[in-house]
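Here is a sequence together with a model predicted from it:
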Amino acid sequence: MKRRYVTADVFSPIAFEGNPVAVVLDAEGLSTRQMQRIAARRQLQRANRYLTR
């Protein structure tokens with residue numbers, strides 16, 4: 001299944017000097033393990049969910 005995501009730099013006001021993070025835009029129903037696999041596949045330390053209510 002395809003998931004939409006964006007990458008962002010965090011903890012720095014300067015582009016490409018912060019910690020990169022993947023934000024999965026349609027993460028409804030993903031487990032923690034699946035989120036970890038998304039991060040690892042993108043060679044990132046973290047992936048976060050963006051859930052709407």
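Done, it's in. Residues are numbered from 1 along each chain as shown.

Can you classify the nearest residue to Val6 once chain neighbours are set aside as helix, strand or coil?
Distances taken as Cβ to Cβ, 6 or more residues apart in numbering place Val23 nearest to Val6, at 5.3 Å, with adjacent residues excluded. Using the backbone N, CA and C atoms, a C-beta is placed for each residue, glycine as well. Using DSSP: H, G, I helix; E, B strand; the rest coil, the structure places Val23 in strand.

what pairs with Val23 across the strands?
Beta-bridge partners recorded for Val23 (DSSP bridges): Val6, Asn48.

Return the distance of it relative to Ser31.
Distance from Val23 to Ser31, counting by Cβ to Cβ, to the nearest Å: 17 Å.

Count the neighbours of Pro13 for me.
7 (other Cβ atoms under 10 Å).

Distance check, it against Val23.
From Pro13 over to Val23 the distance is 18 Å, taken as Cβ to Cβ.

On the pLDDT front, check the residue most central in space within the chain for me.
Compute the mean C-alpha point of the chain, and by Cα atoms, centre = their mean the closest residue is Ala22, 2.1 Å away. Predicted confidence (pLDDT) for Ala22: 81.

quick one: contacts for it?
Neighbour list for Ala22: Tyr5, Val6, Thr7, Ile38, Ala39, Arg42, Leu44, Arg46, Ala47, Asn48 [criterion: Cβ atoms under 8 Å, 6 or more residues apart in numbering].

Using CSV, write out the CA atom coordinates for stretch 32-52.
This file holds the C-alpha atoms of stretch 32-52, laid out as CSV (Å, rounded to 0.1, in the frame of the first residue of the first chain):
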residue,chain,number,x,y,z
THR,A,32,4.5,1.5,15.6
ARG,A,33,6.5,-1.2,13.9
GLN,A,34,5.2,-0.1,10.5
MET,A,35,6.1,3.5,11.2
GLN,A,36,9.6,2.4,12.2
ARG,A,37,10.0,0.5,9.0
ILE,A,38,9.0,3.6,7.0
ALA,A,39,11.6,5.6,8.8
ALA,A,40,14.3,2.9,8.3
ARG,A,41,13.5,2.6,4.6
ARG,A,42,13.9,6.4,4.2
GLN,A,43,17.1,6.2,6.2
LEU,A,44,15.7,8.4,8.9
GLN,A,45,15.7,8.0,12.7
ARG,A,46,12.0,8.8,13.1
ALA,A,47,8.7,8.9,11.3
ASN,A,48,5.7,10.6,12.8
ARG,A,49,2.0,10.3,12.2
TYR,A,50,-0.2,13.1,11.1
LEU,A,51,-3.8,12.1,12.0
THR,A,52,-6.9,14.2,11.4
